[in-house]
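In: predicted coordinates and the sequence they were generated for:
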Amino acid sequence: NSRCTRFEMILRASARDTTELSIIQGREARSRQEQYAKGIVVKPWGYEYLWFELCQSAGWVLWLGPGDNTSMHCHSKKATALLVISGSAEINGFEVTHRPSIGEVVFIEPGCFHQTKNISQDQNLCILEIETPVDKEDLYRSNDGYGRKHSKYEQIVEWGDDPRGLNSYHRTLFVNDEVV
């Protein structure tokens, strides 16, 4: 004998609930961004660090070791531009491959899976990644050669020398629109 119960007492999100959630999400996002600004994110393929954040855009410097590559991943909400600073890059989607030269940019629309490869076997690859809107949690991995099964962003560690020797470059910080 199954009986369907009708719920008379239901809590629904009010305007106050929505406002409070927005405040908490904003505070947590600012906290994460402050952490990113103070450290380096070590990846199996190298590392990255936050170079600047202005309005709804952020610039990250990515260093990939010789022969290394990122996972095949996408960002559902943010657009990305990849500018090759030094080295030899290959940017792959599921159906297209680009080999931008130094100074060239590849634009990636939201929802487009992509992978960055360092096609040099003896030089590091440096890429400037500009993303908008700023959201490091907007990450979905499809294929990863490093055993990472999750789509979560890596932890931040303090800025310092990378044991693989990739971190032999200077870091530039912007504070109040001035180079420090």
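Out: That came through fine. Every value quoted in this text rests on a predicted model; they were computed, and no experiment measured them. Residues are numbered from 1 along each chain as shown.

In: what about the helices in the protein?
Out: Secondary structure of the chain by DSSP state H: the helices cover 15-38.

In: for this protein, what are the low-confidence residue spans?
Out: Filtered on pLDDT under 70, the chain yields the residue ranges 1-11, 29-30, 32-33, 36-38, 149-180.

In: nearest residue to the middle of this structure?
Out: Lys136 (4.7 Å; C-alpha atoms, centre = their mean).

In: please report the distance of it from Ala58.
Out: Look at Lys136 and Ala58: by C-beta to C-beta, to the nearest Å, they are 8 Å apart. Heads up, the C-betas are built off the backbone N, CA and C, glycines and all.

In: for Ile130, which non-adjacent residue is closest in space?
Out: Nearest residue to Ile130, sequence neighbours excluded (C-beta to C-beta, 6 or more residues apart in numbering): Ala81, at 4.5 Å.

In: next one: Leu128
Out: Excluding the flanking residues, the one nearest Leu128 by C-beta to C-beta, 6+ apart is Leu83, at 4.3 Å.

In: now do Gly65: how many residues are near it, please.
Out: Neighbourhood size, Gly65 [other C-beta atoms under 10 Å]: 20.

In: pretty sure it contacts Pro44?
Out: No: with contact defined as C-beta atoms under 8 Å, Gly65 does not count as touching Pro44 (9.4 Å).

In: before we move on, the earlier item: hang on, the residue nearest to Leu128 packs against Ile102?
Out: No: the pair Leu83 and Ile102 fails to qualify as a contact (C-beta under 8 Å) at a distance of 9.2 Å.

In: more neighbours: those two, which one.
Out: Neighbour count, other C-beta under 10 Å: between Leu83 and Ile102, Leu83 has more, with 17 against 12.

In: contact partners for the more buried one?
Out: Residues near Leu83 by C-beta atoms under 8 Å, 6 or more residues apart in numbering: Gly103, Glu104, Val105, Ile127, Leu128, Glu129, Ile130.

In: how close does it sit to Thr19?
Out: As judged by C-beta to C-beta, Leu83 and Thr19 stand 38 Å apart.

In: what's near enough to touch Arg99?
Out: Contacts here follow C-beta under 8 Å, 6+ apart; on that basis Arg99 touches Ser88, Ala89, Glu90, Ile91, Ile119.
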